[in-house]
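S.K.: curious how this folds, go ahead:
(chains A and B)
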Amino acid sequence: MALVRLRGPLKTLAGGAEHPVEGTTIAELLARLERERPALHGWILDERGRIRRHINVFVNGEKGGEATPVAPDDRVDVLPAISGGAA
Amino acid sequence: MTELLVGTKKGLFVLEGEPGAPFEVKARAFAGEPVEYAMRDPRTNRILAGVINPFYGPKVFYAEDPSGDWEQAAGLALPEGGDEALARIWVIVPGEAPGTLYAGGDPGVLFVSRDGGETWELCRSLFEHPTRPDWTPGGGGLCLHSIAPWPGEPDRLALALSAVGVWLTEDGGETWSHGNAGLGARYLPEESTDTLALCVHDLQRAPRRPERLFIQFHGGVYRSDDAGASWTEIGHGLPSDFGFPLVVDPADPDSAYVIPLVADMDRVTPGGRVRVYETRDAGATWAPRGDGLPAEHAYLTVLREAFDRRGEGDGLELYFGATSGDVFGSGDAGATWFTAATRLPPVYSVRTA
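M.R.: Okay, the predicted model is just below:
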C-alpha cells in the first residue's frame, strides 16, 4: 500500500498524518482515503472527483495529477498550494 | 444589545453594541479564511457560516458559541461524478416550517435542511430544471443569492439568481415558475427576448404584505405586487439605480432601502459620498439618508449580502458593511448613522441577531 501523508486540517480530520492506502492512481487512492476517513470527504477531491484547485499532490516528491500511477511502496504527499493563499 | 455577524475576506467577526456607538469585536472565527455569509437562526440560536476555504472548498459550519467548536454541516455538495462542483454558499435563510433552513449557492443551486442546518439536501427540481442549460452566470458566478419565504406558508418561496432571474414555487419546490414580466436588462439588445439572462442583484419580500417583493436589479429597482409574477420599475429619483443590497422595513410594506453605486462599470458610492436611499411610498419617491455617513472622498463598495436590519418601524436598526472594512449602523430607521466598526477585512456580509 502507498503511504499518504497529510498536514494541517487534513491531518486533524483524518486523525493522523500518515495513512497506508490501496490504489493504483492518485484519484483512486484519495477517493479511498476519503471513504475510509469520512471527515475528509470533500476536502481534497471535489464532487467531480478532481483534486481541488489549490491542493498539490506529490508522488515520491514529483507533482502528479488524478491519473498519475501510484505503486504500493510510493509516498504520496497532499499539500496546500501557495496559489491558494492570495491576499 | 445588537449582535452583528460580519463575514469578511479574513474570517467571521462577531460584533456587539448599542446603536449610536462603536461596536466591540466579541469573537473572530475562521481566521484567515473567507467567510462569505453568516447568520444566527433565532429559533435555535445557532450560527451558520458559509466558509470558502481557498484550499479545501466551500463548507458550512455551525455553532452556538462562535468562540467554541464548530461542526461541519453535511450534504452541501452536488451529485458525485457529475460535471459541476459547488463553488460557494451565498445565503442561508430560515424557512417557515420548524427546523427548516434554505441555502443558496453557486452554480445556481438550492439546498434544504430540516434539522436546523446539520444536514442538507439538494433541491433536485431546480438543479434538474429543463431551462438550466440556458442559465448563464453573472460576474460573481451563477449565484442563487436571494431566498424569500412566505410568512406562514412553508410551501411558497421566491428565489433570485444572477444572471437568471426570479423563480417561484407554491408547492414546496416540486415545481417552479419564472417571474420575469416587466424586468428589463439594459445589457441586452432592445429586441432581445431572452428571459433567462436577468441579473437580479437582491430580492426581498415585505413580510406584512407577502405578495409584495422588491428587487435591486443590475440597473433598475423594481417592485412586484403579485408575488413576483410581474414587476414595475421604481428606481426613478435615485442618483443611480445600480447597486446590490436592498432592505425592507417589516412594519411597512411601502418602506425599503437601497445603497446606490455609480454604475456597473464603477461600483462605488456616487460622488465619493455614502448615502442610503429610503422610500416610504413603495418606490414612488426616494430620499437620501446620510446623516453621519462619510460625505466626501468615500468611494465604498457595498456587496449584496452586506446590508441588514433589526427590529422594525421607528425602532428599525440598519447596518451595512463595505469592502473598505467599515461597518455603519443606524438605530432610527436611517435618520442618523454611526460607525460601528472600521478597519475590518473587506466585508462580504452583515447579518443582525
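S.K.: report the rounded mean pLDDT for stretch B:303-323.
M.R.: Mean per-residue pLDDT for stretch B:303-323: 98.
S.K.: hmm, I was thinking of stretch A:33-45
M.R.: 97.
S.K.: CA-only coordinates of it in CSV, if you can.
M.R.: The C-alpha coordinates for stretch A:33-45 follow below in CSV (Å, rounded to 0.1, in the frame of the first residue of the first chain):
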residue,chain,number,x,y,z
LEU,A,33,-8.8,7.6,1.7
GLU,A,34,-11.9,9.9,1.8
ARG,A,35,-14.1,6.9,2.1
GLU,A,36,-12.1,5.4,4.9
ARG,A,37,-11.9,8.7,6.7
PRO,A,38,-15.4,10.3,6.2
ALA,A,39,-14.4,13.5,7.9
LEU,A,40,-12.1,14.2,5.0
HIS,A,41,-14.9,13.8,2.4
GLY,A,42,-14.9,16.7,0.0
TRP,A,43,-11.8,18.3,1.4
ILE,A,44,-9.3,17.0,-1.1
LEU,A,45,-11.5,15.9,-4.0
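S.K.: buried residues in it, which are they?
M.R.: A:33-34, A:37, A:40-45 (16 or more other Cβ atoms under 10 Å in any protein chain shown). (Glycine included, C-beta is placed from N, CA and C.)
S.K.: out of those, which are close to chain B?
M.R.: Subset of these in contact with chain B: A:42-44, counting by Cβ under 8 Å from any Cβ of the partner chain.
S.K.: pLDDT below threshold where in chain A?
M.R.: A:85 (pLDDT under 70).
S.K.: roughly how far apart are the spatially most central residue of it and residue B:50?
M.R.: Nearest to the geometric centre of chain A sits residue A:78, at 4.4 Å (Cα atoms, centre = their mean). Separation of residue A:78 from residue B:50 (Cβ to Cβ, to the nearest Å): 24 Å.
S.K.: would you mind listing what in the stretch 1-150 of chain B touches chain A?
M.R.: Neighbours of chain A within the stretch 1-150 of chain B, by Cβ under 8 Å from any Cβ: B:54-57, B:59, B:72, B:77-86.
S.K.: list the contacts for residue 66?
M.R.: Going with chain A. A:25-27, A:49-51 (Cβ atoms under 8 Å, 6 or more residues apart in numbering or on different chains).
S.K.: that answer is for a different chain, and I need it for chain B
M.R.: B:12, B:14, B:26-27, B:29, B:47.
S.K.: measure it to chain A for me?
M.R.: 18 Å (Cβ to the nearest Cβ, to the nearest Å).
S.K.: wait, a helix at that residue?
M.R.: No: read with DSSP: H, G, I helix; E, B strand; the rest coil, residue B:66 is coil and lies in no helix.
S.K.: could you tell me which residues of chain A lie near chain B?
M.R.: A:9-10, A:39, A:42-44, A:46-50, A:52, A:54-55, A:80-81, A:84-86.
S.K.: show me which of these are buried.
M.R.: A:10, A:42-44, A:46-47, A:52, A:54-55, A:80.
S.K.: and which of those residues is nearest residue B:310?
M.R.: residue A:42 (34.3 Å; Cβ to Cβ).
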